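**Q** With the sequence up front, the predicted model follows.
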Number of protein chains: 4
Amino acid sequence: MIIILKKGAPKNEVDELCRSIEAQNIKINEVKGEHTTILGLIGDTHKVDMEAIEAQEIVESVQRVQEPYKGANRKFHPEDTVVSVGGASIGDGNVAVIAGPCSIETEEQIVNTCMQVKAAGASFLRGGAFKPRTSPYSFQGLGDEGLKLFLKAKKATGLPIVTELMSLAHIDLFDEVDVIQVGARNMQNFEMLKELGKCGKPILLKRGLSSTIEELLMSAEYIFAGGNTQIILCERGIRTFETQTRNTLDISAVPVLKALTHLPIVIDPSHATGKYELVMPMSMAAVAAGADGLIIEVHNNPQKALCDGAQSLTPKHFSDCMDKCEQIASVLDKKVGTRQ
Amino acid sequence: MIIILKKGAPKNEVDELCRSIEAQNIKINEVKGEHTTILGLIGDTHKVDMEAIEAQEIVESVQRVQEPYKGANRKFHPEDTVVSVGGASIGDGNVAVIAGPCSIETEEQIVNTCMQVKAAGASFLRGGAFKPRTSPYSFQGLGDEGLKLFLKAKKATGLPIVTELMSLAHIDLFDEVDVIQVGARNMQNFEMLKELGKCGKPILLKRGLSSTIEELLMSAEYIFAGGNTQIILCERGIRTFETQTRNTLDISAVPVLKALTHLPIVIDPSHATGKYELVMPMSMAAVAAGADGLIIEVHNNPQKALCDGAQSLTPKHFSDCMDKCEQIASVLDKKVGTRQ
Amino acid sequence: MIIILKKGAPKNEVDELCRSIEAQNIKINEVKGEHTTILGLIGDTHKVDMEAIEAQEIVESVQRVQEPYKGANRKFHPEDTVVSVGGASIGDGNVAVIAGPCSIETEEQIVNTCMQVKAAGASFLRGGAFKPRTSPYSFQGLGDEGLKLFLKAKKATGLPIVTELMSLAHIDLFDEVDVIQVGARNMQNFEMLKELGKCGKPILLKRGLSSTIEELLMSAEYIFAGGNTQIILCERGIRTFETQTRNTLDISAVPVLKALTHLPIVIDPSHATGKYELVMPMSMAAVAAGADGLIIEVHNNPQKALCDGAQSLTPKHFSDCMDKCEQIASVLDKKVGTRQ
Amino acid sequence: MIIILKKGAPKNEVDELCRSIEAQNIKINEVKGEHTTILGLIGDTHKVDMEAIEAQEIVESVQRVQEPYKGANRKFHPEDTVVSVGGASIGDGNVAVIAGPCSIETEEQIVNTCMQVKAAGASFLRGGAFKPRTSPYSFQGLGDEGLKLFLKAKKATGLPIVTELMSLAHIDLFDEVDVIQVGARNMQNFEMLKELGKCGKPILLKRGLSSTIEELLMSAEYIFAGGNTQIILCERGIRTFETQTRNTLDISAVPVLKALTHLPIVIDPSHATGKYELVMPMSMAAVAAGADGLIIEVHNNPQKALCDGAQSLTPKHFSDCMDKCEQIASVLDKKVGTRQ
C-alpha cells in the first residue's frame, strides 16, 4: 500500500499516522519528493483500512499494491480449487455443465427437462424454486413446493442440484440441495454471505450487475472468512448502455479471474444475453476463453415457461450446443459435462 | 402494451395468444401493416407478464405503454405522499434533513454528533449499527450494541432515527427505530422488501448502484404490495466509468421521480461523491432541483471515524451547509430541516 | 413506428400530425384505447424523423418497430458482404487476420514485424502512422514518414495494409493504403464518414467506446449513403466501470451483428483488454462466437514499443495464438488468415 | 509517478529502466519491500510515457501521483481563467448564459428566437449550422447558409455567437464566429484540437459521452499545447444504463473541475436530459453547484423545430428559467447573463 501525503503535511501528524500503521505490524518506507512525500507500506496490508487512512487531513490519496483479498488469492494458493459434490466436479480441468429450467413449475416439467439435459451430458441440474423478479406481480416461484419437485428430478437423474437461496429464513429447506446459488442481486448481501461461510455446502456466487471483479472476489472472501472454501464464481453479464442484449457478458472475466484466483469460474450465457439464439455462440466463446463451466437455461417448452422463456433453449438446442462446446473444449484438451 | 408480431405468424397461434391475453380482462386491437402486425392491448396491463409474451415464437418484441408499477404511480395517486414519524416529516413541501455519522462508534461520539446536528437544524438522525462493507476485514458496525447507543442519542435529542437493516434476522432489534433504511446493495433483496411491506414502519429505500429509476419504483412496489405506503426514495449515486467521484450523483432523478411518483425523494451527497468537499455544492444542487430531503454524513471527528471519514462533514461544515441550503430552499419557498 | 398519443389530445392536432406523416407516403392505423390512443405507421419509416414527432405536445412517446438503417440491414440484403482487396478477403466465411504493430517506428521494426506476422498466417497488415493519443505529450506517430515505411512492408510482404485516418486533410497520403480505418474516437465524426462514403476504398469502422450497436450501424449507414458498400465493422471494447481490463470486450456483439447486418465483423482483443496475456483467450473466444476476423497488435520487441507495448504480442506469441485460433476455427469449418 | 516492480526483477533490467527515466531529468527513489519494490519518480513527470513503462516485463503496475495535464492544471495556474469575447465573459464569477435554437432554420426563426433570448438576459447566442446527427437521413443543418443567417442574428442582437465546427474543412467560414464549439463526439478528434490550438478564438469543448473528467482535461491540454488558452469546458451528460433521461447530467463535475482546473465550466441541461421539462430544475441545480455558465436550447416554436424540439424551451419558459436561476445565483452572490 502506498500513501501519498499532501504538500506541507506537519511532521508530528505524519509521525502519528506512521505510528498507528506500524502498530499493525507493518513497516514504512518514506520517499521524499520535491512536491510530494510517499509512504510505502511493507507487510501484510490486506486488513489495513484504506478508507480510514484516506480520511486523514494530511493524506492526498492511498493506492493498493497488493490485492485486498487473501483467501481467494491465487498468490497464496496457487493450485486450482476443485469443487466436488454428488459425484460431479467443477474446476477439475474440464467444463462442468449446469442445466435446467429458469423456474420449477410442475413435476412433469422439471423431471422431464432434467432427464433430457442429463441425456445431453449435463453434470449438474439447475432450477429455481424462489425467484428474484423485478415486479411483485410476476411469478415468484413455487417456493418450498418447488424444492420438493426439484428433489424428484435429483432422484430421477442422480445428478446434483443447484438452486438459489433468496433469504436465510429458507435455509432449512435446503438440506438436500447440493450447491447453493447466491444471485447477482444478493452478491453484496453480506449477512447472507457470512452465514453461508458456515453452512458446509458449495456456493455458486454470481457477480452483481454492476460489480467489479475485485468486489466479486471480496464477496467470495466473506464466505472464505467463515471457513467455507467451496466457492464457484459465476459471470452472468454486467449492465452497460447497450440494449440489444439484456446485459453485456464479460467473457474477459474468465482469463482475468483465472489469474487472480484459484476458484473455478462458470459462465451464464442465458441471463447475460436474454436471448436463446445467443446462448450457443456465447457458450462456445466461454469454453474457448477457458471457463470451468456453463450454466444454461433449458425448458422442455420455452413458450410456456413461467419465466425467462425468451432465453431458454429447448432440449434439442441444448444438445446441439453441447455438441459444439465439446468440439471447442477438445481444442483445450477438456471434456464437457458427463460426455467422454 | 404493444405486441409486435413476426412476419408470417400463423393465424391460429396469434389467435391463441390473443385468447390468453383476453382471459386477463384485456381488450386487443390489431393493426396490420405491410411487414408487421401490431397488437395493441387495452386495459390494466400492469400485471401482464411481458417476458412470457416475449418468449412466444411468433412475437418479435413487446413494448410497454403504461408503467409496470401502480401503487407508486403518480397517475393513480396525484397527491404527494407525506411520511411523518416522531414529530418530523418528509414530503410535506419542505426539505427534510437526516444527518449523523456513518457508523455508531461510542456513546460520546453518537450523542455528541447528534446534539450538534440537531442544533444545526437536522430533522432526523442517521447512524449505522450494521454496516455493509465490501471487505470482511473492515469494521462491520457495533450491531445490537450500536443500536442501543443510538437510542440514547434519540432520547437526548428527541429526534426520530433512521438506520439500516441488513438482515431480517435483526428486525426484532428495530422496535424503537423510526425509519428503516434499505441499503443500495439490498434494493433488490425481494424477500426483505416483502417483509418490510408488512412491518408498519416508514422505509427509506436506496437506489441500487446500477438500478434504473423504474427498478427503484418496482422495488417500492414490493413494499406497497405488502400494504406499507410509507416509503421514502433515496438517490445515492450510480456507478459509471468516472473515477473522480465514488459514484455519479444522478440529480436529474429528482425531477424525473417527482413526475412519475407521489413518493418523497431524498438525496445522499455523501455516499454519492465520497468526498466531503463535494457535499455542500451537491446538497445545494439537490435542493435547487426540488429534492424533498437530504441525508448527510456528519462526524464530530472525521479523521478518527471508523468508516467513511473522507466523506463526512464536521458539525461546523454541516452547519455552513445548512445555511446555504436554507438560502437555496427559500427560492423555492421551502424550509430546511427544523429551521424556521 | 408506433406513436403513443397523450390522453385528451385535441382531434384537430392529431389530424394535422397524421396528414404530415401521410405526406411521406406512410399509412396510419389508429388504435383507440381507454387511456391511450396509438398510431401505427405502416410503410418505409427509416427516414421518418422520430425526434420531430416526439417534440409534438400531443405525443407521449414514439417507438420504432423497424430499424432506422437500411443499407446495412440484413433484411434488405440477406447475403453476406465480402470485402476483398489486394488478394485478401474479409467476410467470405473464414477468419481474416489483420496483424502488426500499434505504431510504425522504424523501417526495420515495421518490415521485420510484418514479415513475421505474414509467416504466421496474417492476411492483412496493420500499423499506425497517425496515432490518436489521449495526451498531447505522448508519441503521435511518424505521420507521412510512417506511411512510407508501411508501404515498404506492404511491398516486402505482398499483403494489403490497414491504417487509421485521423483527418480528411491527410487523405491524399492514403492512395496506396488498402483499407482505411476509422478509429473508435471518430466513429461519429460524421463529416469524415460522408467523405469516406465517396472514397472508393474499403473502410474498417471501429465501434465507439460508448456507442451502441445501433449507432455503429448508423455510422456505417453514413458511409453506405455515400455509395461505399465496402465496410468492415470492428468491436474493440466498450467502456464500463470494470478496471481490470482497459475496456470490456463485447463478444456478444458478434452474433448480434451477424443477425442485424450483412457486413463482416472483426474483433480487436488487443485494444479491448489492454493486456497481452488476454489476447489469446479472447481471440479464441471471438473465433468461437463467429467473428469474421481478428485485428491483433504484434511488435517485434513489445518492451521497446513507442505505444501500447503492454498489449502487444511478440511474433512467437502471435504464432501460438494463430495455432489455437486455427483449431477453434476448424470446429466452425473455417480457415484462419492465409493458413490452409 | 510510482512504479511497482515485479518480484524478482533482475537488477540489470531495473538499472536500465532507471537510467532511461533519469535521462528525462527525473530523480528516482527506491523502496524495497518484502514482496515488492517500488520506484518513486520525483520531478516533472507529466511528459513521462506511463504506457511505455507499463509495457516492461519487470513492471507490475504504474500509478500517477501528479495529474498528466499541466496547462489546464489549477496547481500551476491558481487564478480563474476568464474568457471574454464580443463584450461578454465566462468565468468572471457570474453565470454566463448561452441560448438559442438547436439548429438554424430560417432568418425569421433565428433572429426572432435570438432577440427573445437576449430580452430574457442571455449573454451569448447558440445555434447550429452544421449538425451532428446519428442518422444520415436526419436534417444535417443548413451549413454555410445557416451561418450567414446566424450572423444576422448576431448583428440584430449585438451578442457574441457560439456554433459547432464539425470539420476543419469548414473553418474558413467561421471568421465572424465568436466561440467555436467542439461537440461531444469530436472531443477526441485530436487533429481538430491541434488546429484549434492555433486558431486564436475561444473554444467551447464539450465532454464526450463516455469521457472521464481527466480525458476532458487532456483534450483541453491539446488546445493549450497549441497556444490557445481561451477554453470553456462543458458538461453535457454522460452515457449510463438509465433510460428516463437521454444521458445522465454529471453535476458533480462542476465542483470537481473547479478544483482541478482554472478553466470555466458550463452546463448543458438540454442535451443532457433530452426533455424540456427537466431543463429548469437542472439549470437551477447547476447554478447552485457553482457552474460558470449554462447553455440552453430555446426555439420560438419547439413543435416545429427541425431538431431536438423535445428538449427546447419556448422563449417564455426560458425567461421563467432565467428568473429562477437569477434567484439561485444571488445566494452565491452571482449575476446571471446580462441581468443586473
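**A** Sure thing, it's come through.
**Q** Spell out which parts of chain A neighbour chain D.
**A** A:2, A:4, A:27, A:29, A:31-36, A:38, A:40, A:42-43, A:60-61, A:63, A:65-66, A:239-241 (CB under 8 Å from any CB of the partner chain). The way it works is simple: take the backbone N, C-alpha and C, and place the C-beta from them, glycine included.
**Q** Mind doing that once more with 7 Å?
**A** Taking CB under 7 Å from any CB of the partner chain as the measure of proximity, chain A contacts chain D at A:2, A:4, A:29, A:31, A:33-34, A:36, A:38, A:40, A:42-43, A:63, A:65, A:239-241.
**Q** Could you tell me which of those residues belong to strands?
**A** Of the positions in the residues of chain A next to chain D, A:2, A:4, A:29, A:31, A:38, A:40, A:42, A:63 sit in strands, assigned by DSSP state E.
**Q** what's near enough to touch the nearest residue to residue A:226 once chain neighbours are set aside?
**A** Ranked by CB to CB, 6 or more residues apart in numbering or on different chains and with sequence neighbours excluded, the top spatial neighbour of residue A:226 is residue A:197, at 1.7 Å. Counting by CB atoms under 7 Å, 6 or more residues apart in numbering or on different chains, residue A:197 makes contact with A:222-228.
**Q** out of the residues you listed, what pair is the most spread apart?
**A** Between any two of those, the greatest separation by CB to CB is 11.3 Å, found for A:222 and A:227.
**Q** Identify the residue nearest the closest residue to chain B within the stretch 1-150 of chain A in space, chain neighbours excluded?
**A** Relative to chain B, the nearest point of the stretch 1-150 of chain A is residue A:55 (2.7 Å; CB to the nearest CB). Computed as CB to CB, 6+ apart, the closest residue to residue A:55 that is not its neighbour in sequence is residue B:309, at 2.7 Å.
**Q** What does the pLDDT read for the one you found?
**A** On pLDDT, residue B:309 comes in at 82.
**Q** That one and residue A:52 touch, don't they?
**A** Yes: assessed by CB atoms under 7 Å, residue B:309 is found in contact with residue A:52 at 6.3 Å.
**Q** between those two, which one's more packed in?
**A** Per other CB atoms under 10 Å in any protein chain shown, whichever of residue B:309 and residue A:52 has more neighbours is residue B:309, with 24 against 21.
**Q** List the residues that contact the more buried one.
**A** Going by CB under 7 Å, 6+ apart, residue B:309 touches A:51-52, A:55, B:299, B:302-303.
**Q** Tell me how far the residue of the stretch 1-150 of chain A closest to chain B lies from chain C.
**A** Relative to chain C, residue A:55 is positioned 22 Å away (CB to the nearest CB, to the nearest Å).
**Q** quick one, helices of chain A?
**A** A:11-22, A:50-54, A:107-120, A:144-157, A:190-196, A:213-225, A:253-260, A:269-273, A:279-288, A:315-331 (DSSP state H).
**Q** Among these, show me which one is buried the most.
**A** Highest mean neighbour count among the helices of chain A (mean count of other CB atoms under 10 Å in any protein chain shown): helix A:279-288, with a mean of 28.
**Q** That one versus helix C:253-260: what angle between them?
**A** Here the directions of helix A:279-288 and helix C:253-260 differ by 150 degrees (axes from the mean of the first three to the mean of the last three CA atoms, to 10 degrees).
**Q** And chain C, is helix A:279-288 touching that?
**A** Yes: for a cut-off given as CB under 7 Å from any CB, helix A:279-288 has contacts with chain C, namely A:281-282, A:284-285, A:288.
**Q** Output these as CSV; include the columns pLDDT and distance to residue D:157.
**A** As requested, these are exported to CSV (pLDDT from 0 to 100; distance: CB to CB, whole Å):
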residue, pLDDT, distance to residue D:157
A:281, 98, 58
A:282, 98, 57
A:284, 98, 63
A:285, 98, 58
A:288, 98, 63
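**Q** Thank you kindly, that will do.
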